[in-house]
Every structure is written in C-alpha cells, then in structure tokens.
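> sequence first, then the predicted structure:
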Amino acid sequence: MKSHFYAILSRMKNIYRWGLMRNTRQENLSEHSLEVAFIAHALALIKKRRLGGAVDPDRVAVAAMFHDTGEIITGDLPTPIKYYNADIKSVYKDIESVAQNRLISLLPEDLRDDFLPLYFPDEETAKIIKAADKISALIKCIEETVSGNREFEAAKESTVKAIKDLGLPEAEIFMDEFMDSFYLPIDDMK
C-alpha cells in the first residue's frame, strides 16, 4: 500500500503559528514541534531522574513530535479562539481527534497501532507535553519581547501563569534551571 502520511507531515513547515500577532520572526509548526519534543524529553528526564516518575523520556519526546500534526488538517487555531469558552474548546478537541484519526488512517494498517499512543498518549505523557508546549510558547514570547516586540508581553505573562497553573514540579524545575538563558545573546552563554 502506498501511503501519503509522511508527505502530509512534511507540510508542517507551511503552517505558521501566532497568526493573530505581529511577529519579528515567523515560527512554523515543524520547528515548534521539534522544540516541544526537546523540552518534553527534558521534562520527562527530570521527572524520572529527580522526582522518581515512571516515564519513558524517549517515548514522551516522540509523542511530543506528533502533538500538533493534526493542525496540518485543521490549521493553527489561535489560543484566544480555541479557549474562548467551554463549548468551543470541546468542539475543537473533537475536531483535533478527527484530524489525528485521519492522519493515522493514512498509515499502512500494520503500523497504525504503533501511532495510537503517540496521537492519544496516556494522561501523564499528555501533561508533560502540555507543559512543554506552554514552555515553547513562553520561549517564543521571550524571543519576541527581547527583540522589542511588545505585542507578546501579555501573552508572556499569561503563559507563565498557565505553566504555573499546571502544577508540574518538573516544569518548575525546568523553568528555574533553563529559562533565564533565553534572555541572553549567544555570546553570553558561556
């Protein structure tokens, strides 16, 4: 069976994030997903090594790579719209699920079961990916505000609050140990 799955995934680079905001630098879905995977891997390592969690950092990272691929079908719905009210949030979750199932259906049948836990991860993995996604958004907000783009100031504040509201110790540790560096120029990272 011929499959279009990976050709469709390659379209992630054509989907731009932060559509309602003026950006000093556009961010596409491919680069965002890779950053979320890096961060999710780190969060899972912190949880496993420092907090005694029984998570597989490699599995978490791979699931994070796929966390937004449904947006190839749905597009990137801006956060203020996605979370405007409970009804919209619920309907959008259903739409995301349909898109994810559509992508899985494009795979050869003998591979589909291997992708189910990537697209529909267990609750612990999903929480880690959610935190990594929020941290990635915070990094974007920092990059934009450091570049003088005040448009991201409110988003930065609300994103910090959203990360804290998750209540994940691994996210707090990551924020404490790694986030200050995102304010520095490369020559100051010695």
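Yep, it's here. Numbering: from 1, shown residues only.
> nearest spatial neighbour of the residue sitting nearest the centre point of the chain, chain-adjacent residues omitted?
Nearest to the mean C-alpha position of the chain, by Cα atoms, centre = their mean, lies Asp133 at 3.1 Å. In space, and not counting its chain neighbours, Asp133 is closest to Val36: 5.3 Å by Cβ to Cβ, 6 or more residues apart in numbering. Where C-beta positions appear, they are placed from N, C-alpha and C, glycine not excepted.
> so what does the one helix or strand that neighbour maps to touch, helix or strand wise?
In the assignment (DSSP states H and E), Val36 maps to helix 29-51. On a contact count with 3 or more Cβ pairs under 8 Å, 6 or more residues apart in numbering; DSSP states H and E, helix 29-51 meets helix 57-65, helix 123-146, helix 169-178.
> tell me the spacing between Pro108 and Asp68.
In this view, Pro108 and Asp68 are 23 Å apart by Cβ to Cβ, to the nearest Å.
> between those two, which one's more packed in?
The residue with more neighbours, out of Pro108 and Asp68, is Asp68; 21 against 10, by other Cβ atoms under 10 Å.
> give me phi/psi at the more buried one?
Per-residue torsions, Asp68: phi -120, psi 10 (degrees, to the nearest 10).
> so it touches His32, yeah?
Yes: between Asp68 and His32 there is a contact at 6.9 Å, judged by Cβ atoms under 8 Å.
> that older thread, TSV for the helices and strands packed on helix 29-51, including mean pLDDT?
Compiled in TSV, those are given as follows (pLDDT from 0 to 100):
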stretch	mean pLDDT
helix 57-65	98
helix 123-146	98
helix 169-178	98
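> to Asp114, which of the ones you listed lies closest?
Closest of these to Asp114 is helix 57-65, at 10.2 Å (criterion: Cβ to Cβ).
> tell me what that closest one is packed against?
Counting by 3+ Cβ pairs under 8 Å, 6+ apart, helix 57-65 packs on helix 29-51, helix 109-119, helix 123-146.
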